[in-house]
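>>> Let me see the structure of the following:
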Amino acid sequence: MSKKRVVVIGSGFAGLSVATHLASSGYEVTILEKNSTPGGRARKFEAEGFVFDMGPSWYWMPDVFDTYFAHFGKKVSDYYQLKRLDPSYAVIFGQDDFVDIPADLDAFRALLESMEPGAAAQLDTFLEQAAYKYKVGIQDLVYRPSRSVFEFTSPALLADMLRMDIFQSMAKHVRKFFKEDKIIRLMEFPVLFLGETAQNIPALYSLMNYADIALGTWYPEGVCIRL
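Coordinates of the predicted model:
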């Protein structure tokens, strides 16, 4: 019996993940890519002796990459070494007005406390909720195949979804915890990676803050995610 054939359009991370999982399940896979190299947003562009990343040079959610490689009996360290950045990154508010975001959670708590008294304790509560959203949203919902709406209709899952603030905006959610404008902008920053503003995205996505603050910003040494 001949293998079933599948065509995957695009060789970014999503396309490569789909293609490799299908191939490991016995499908004959063809990937179509408009560019001369794979990688999608992780491609590189070279001109006049300079090299530019077309997307990220670092990443969050290292557990997602761990899960991918583990599916094939591999580890991230088989291909590249990860280094947690400290500071994670710098946020620039204006000319000569910026703040380095420390990797250490206690240092980050102290930073927020210096901006707004009581903010450290508020951060703890905020992150506790965000950790729950990350556990359910990333480790459960994302890995469901989404072939039917009935995958999401169990009473336990519906209760989880109500706890994840899917009907409240991220902007309102952040302001329940913090009053200082700079802290609000710091906490709203991660959702920009989803291509939306805090006013228009559900507070479910505070899970991005958990990925940022608790799981850290990681740099793949020597590769810059280039394929």
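>>> Keeping just the C-alphas, turn the longest helix along the chain into CSV.
Secondary structure of the chain per DSSP state H: the longest helix is helix 119-136. What follows is helix 119-136, C-alpha atoms only, in CSV (Å, rounded to 0.1, in the frame of the first residue of the first chain):
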residue,chain,number,x,y,z
ALA,A,119,3.4,46.1,43.1
ALA,A,120,5.6,43.2,44.1
ALA,A,121,2.8,41.5,46.0
GLN,A,122,0.4,42.3,43.1
LEU,A,123,2.9,40.7,40.7
ASP,A,124,2.8,37.5,42.7
THR,A,125,-1.0,37.2,42.4
PHE,A,126,-0.9,38.2,38.7
LEU,A,127,1.8,35.5,37.9
GLU,A,128,-0.1,32.9,39.9
GLN,A,129,-3.1,33.4,37.6
ALA,A,130,-0.9,33.6,34.6
ALA,A,131,0.8,30.3,35.5
TYR,A,132,-2.6,28.6,35.6
LYS,A,133,-3.5,30.0,32.2
TYR,A,134,-0.2,28.9,30.8
LYS,A,135,-0.7,25.3,32.1
VAL,A,136,-4.2,25.0,30.7
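>>> Any buried residues in that helix, and which?
Across helix 119-136, burial judged by 16 or more other Cβ atoms under 10 Å covers 119-120, 122-123, 126-127, 129-134, 136. The C-beta positions use only the backbone N, C-alpha and C, and glycine is treated the same way.
>>> Which elements pack onto it?
When contacts are defined as 3 or more Cβ pairs under 8 Å, 6 or more residues apart in numbering; DSSP states H and E, helix 119-136 packs onto helix 105-115, helix 155-163, helix 207-210.
>>> Looking at these, which is nearest to V64?
Among these, the nearest to V64 by Cβ to Cβ is helix 207-210 (12.1 Å).
>>> Which SSE is immediately downstream of that closest one?
Next along the chain after helix 207-210, taking DSSP states H and E as the criterion, comes strand 218-221.
>>> Neighbours of I9, how many?
11 (other Cβ atoms under 10 Å).
>>> How about T20?
Neighbours around T20, by other Cβ under 10 Å: 16.
>>> mind checking how far the host helix or strand of T67 is from the chain centre?
Taking DSSP H and E as the criterion, T67 maps to helix 62-71. In terms of Cα atoms, centre = their mean, to the nearest Å, the centre of helix 62-71 is found 13 Å from the chain centre.
>>> Can I get it as CSV, trimmed to CA atoms?
Provided in CSV are the C-alpha atoms of helix 62-71 (Å, rounded to 0.1, in the frame of the first residue of the first chain):
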residue,chain,number,x,y,z
PRO,A,62,11.5,26.8,25.9
ASP,A,63,9.2,23.9,26.9
VAL,A,64,7.5,24.0,23.6
PHE,A,65,10.8,23.4,21.8
ASP,A,66,11.6,20.6,24.3
THR,A,67,8.3,18.9,23.6
TYR,A,68,8.9,19.1,19.8
PHE,A,69,12.3,17.5,19.9
ALA,A,70,11.2,14.9,22.5
HIS,A,71,8.6,13.7,20.0
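>>> which SSE is V174 in?
Under the criterion of DSSP H and E, V174 resides in helix 170-175.
>>> in that helix, what counts as buried?
170-171, 173-174.
>>> same check, this time on stretch 200-220
201-213, 215-220.
>>> export the helices and strands packed on helix 119-136 to TSV and tack on distance to Y80?
Output for the helices and strands packed on helix 119-136, formatted as TSV (distance: least, Cβ to Cβ, whole Å):
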stretch	distance to Y80
helix 105-115	25
helix 155-163	34
helix 207-210	23
